[in-house]
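[1] can you look at this prediction? I've put the sequence above it.
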2 protein chains.
Amino acid sequence: MSKFLLTLAYHGAGFCGFQVQKQQRSIQSTMQDAIEQIYGERLPVVGCSRTDAGVHARDYKLTFVTDQSHPCIQLQRIPMALNAALPSDIAVLDAEEVPLDFHVRHDVYEKEYEYLIHDGPIRSPFYTDTVYHYKHRLDAEKLNAAAQAFLGTHDFRGFMAAGSDIGDTVRTVHSVRVFRSNDGLIHIRISANGFLYNMVRIIVGTLLAVAEGRIDSDSLSSVIDSGDRTRAGITVPAHGLYLNRVEFLRKEK
Amino acid sequence: MSKFLLTLAYHGAGFCGFQVQKQQRSIQSTMQDAIEQIYGERLPVVGCSRTDAGVHARDYKLTFVTDQSHPCIQLQRIPMALNAALPSDIAVLDAEEVPLDFHVRHDVYEKEYEYLIHDGPIRSPFYTDTVYHYKHRLDAEKLNAAAQAFLGTHDFRGFMAAGSDIGDTVRTVHSVRVFRSNDGLIHIRISANGFLYNMVRIIVGTLLAVAEGRIDSDSLSSVIDSGDRTRAGITVPAHGLYLNRVEFLRKEK
């Protein structure tokens, strides 16, 4: 029996998210279809997180187990073989063998998400489903300073989609950085030991409320501490969000 | 009577090119639809070039004339008004009034095209219809040195799609530059006083033949001078190509 860890990238526009949903195109079913083509059997896959419809990934992690004692395909050829079977909006970047007791969710040490914003009066035809269009100019340095309020360990229940049934809402943000890149886009990059449902999108919406003066940057800490969803900002759209990086405690076999 | 010059950007994937074609979505008909919504009459538009299906533009120029003596819309509000009427894969970036005898093709002094290549073994889901995927690693500096053979005035009939019925095939290349940008993509940027049909795509295909050792960089000048289409490289796909910049001799009213 062998467990394989795949690194994926995908463009979220054409997917309903990771999880199988009836009549919809999911990452899970798309990957199971491709693996079935290569391995000749339908194998369950486990993903590192449920991403929403429209959310993209540059570094998504997924595992599957095969009991083929002599895998029909060499490890280093797995990405090429799967990519030949996959549609153009998803690709396998890497494959490695991991211990059978490795768990792609439980063994996560850190995840990083990135949110992209094109800030200017006129929308770009090239960013329709990959970058959020915000009509007003943003001050990246000012937002970066304000964003540091999210650093550290907080109860983030005010930054979670209503109706989530997660018990423990405490998360530790390891780093948060807002900057403008060479291509003119605003990047909001946040790493943490874990994220609540919609947490990044609500943090970004809250930073936009700071930019608009609707939340004072000095009161951001009290907005976080209040645990009150109504004091935070809106949930910005999914299509600007990227799962950027996933780090594990250990994965060596 | 007033003549307006519009600057457009568009994502070429959903268009059959500039020119109206039956049953297809063209830049020309899309713009005429939007202008009709704003001005209340169907006005002919003239474009700076026929672009092919799939080719993108960051700076496309187009003119239209209205005899409304008091235009119903202020000049600076034209982009916003048209963008509200346009689909998400095309946008008006700017509008200005030009003399009635200004011609958006005849008065062009220089055009710049850019071709984007993602060079690496694994395709990216984010570049499917915006960047050409080339499986082998390229040496940007070596290609840049070779590409200088295209500089200056040449008869480019060997770099023109078969069946083109253009009489004068002499063009002057003002600059050509191959470089790798921060995002890791190869950019091939060429400016000239004009381009033959498929000229940029055949130049890029020829540079790839140089990279593969199928054309010696020292013999590139003789390939150009031969005027022999069969000695040049392939025509690379349309979806990596961008109309980047258009300069006019004069356009002040």
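    Nice, I can see it.
[2] can you tell me which residues in the stretch 151-253 of chain A are near chain B?
    Counting by CB under 8 Å from any CB of the partner chain, the stretch 151-253 of chain A comes close to chain B at A:N182, A:D183. No exception for glycine: its C-beta is placed from N, CA and C like everyone else's.
[3] the stretch 151-253 of chain A: strands as residue ranges?
    A:152-155, A:170-180, A:186-192, A:241-248 (DSSP state E, counting those that start in this stretch).
[4] show me where the stretch 151-253 of chain A has its helices.
    A:199-211, A:220-226 (DSSP state H, counting those that start in this stretch).
[5] local confidence estimate at A:I73?
    For A:I73, the model assigns a pLDDT of 74.
[6] before we move on, what about the one 10 residues further on?
    Among the per-residue scores, A:N83 shows a pLDDT of 96.
[7] residue contacts, it?
    A:N83 makes contact with A:A91, A:V92, B:I122, B:R123 under the criterion CB atoms under 8 Å, 6 or more residues apart in numbering or on different chains.
[8] tell me which other helices or strands the helix or strand where the first one lies touches.
    So that's A:A91. Following DSSP states H and E, one finds A:A91 within strand A:90-98. Contacts defined by 3 or more CB pairs under 8 Å, 6 or more residues apart in numbering or on different chains; DSSP states H and E place strand A:90-98 against strand A:2-10, helix A:27-39, helix A:78-85.
[9] could you identify which of those is most buried?
    strand A:2-10 (a mean of 21; mean count of other CB atoms under 10 Å in any protein chain shown).
[10] that one pairs with which strands, parallel or anti?
    Partner strands for strand A:2-10, per DSSP bridges, with pairing direction: strand A:56-66 (antiparallel), strand A:90-98 (antiparallel).
[11] from those strands, which stretch is densest packed?
    It is strand A:56-66: most buried of these by mean count of other CB under 10 Å, with a mean of 21.
[12] with only the CA atoms kept, save that one in CSV.
    Provided in CSV are the C-alpha atoms of strand A:56-66 (Å, rounded to 0.1, in the frame of the first residue of the first chain):
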residue,chain,number,x,y,z
HIS,A,56,-8.0,29.4,-7.0
ALA,A,57,-5.1,27.4,-5.8
ARG,A,58,-1.4,27.7,-6.6
ASP,A,59,-0.4,25.0,-4.1
TYR,A,60,-3.2,22.7,-3.2
LYS,A,61,-2.3,19.4,-1.5
LEU,A,62,-4.2,16.1,-1.9
THR,A,63,-3.5,12.5,-1.0
PHE,A,64,-4.7,9.1,-2.3
VAL,A,65,-3.8,5.6,-1.4
THR,A,66,-3.3,2.7,-3.8
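[13] now the spatially closest residue to A:V178 that is not a sequence neighbour: which helix or strand?
    Nearest residue to A:V178, sequence neighbours excluded (CB to CB, 6 or more residues apart in numbering or on different chains): A:N144, at 4.0 Å. A:N144 belongs to helix A:140-147 when assigned by DSSP H and E.
[14] run the chain-centre distance for that helix.
    22 Å (CA atoms, centre = their mean, to the nearest Å).
[15] cool, and stretch A:93-106?
    Centre to centre, stretch against its chain (CA atoms, centre = their mean), the figure for stretch A:93-106 is 18 Å.
[16] state the mean pLDDT of it.
    The average pLDDT for stretch A:93-106 rounds to 95.
[17] which outside residues touch it?
    By CB under 8 Å, 6+ apart, stretch A:93-106 touches A:1-9, A:46-49, A:59, A:61-63, A:65, A:75-76, A:78-79, A:82, A:248, A:250-253, B:122.
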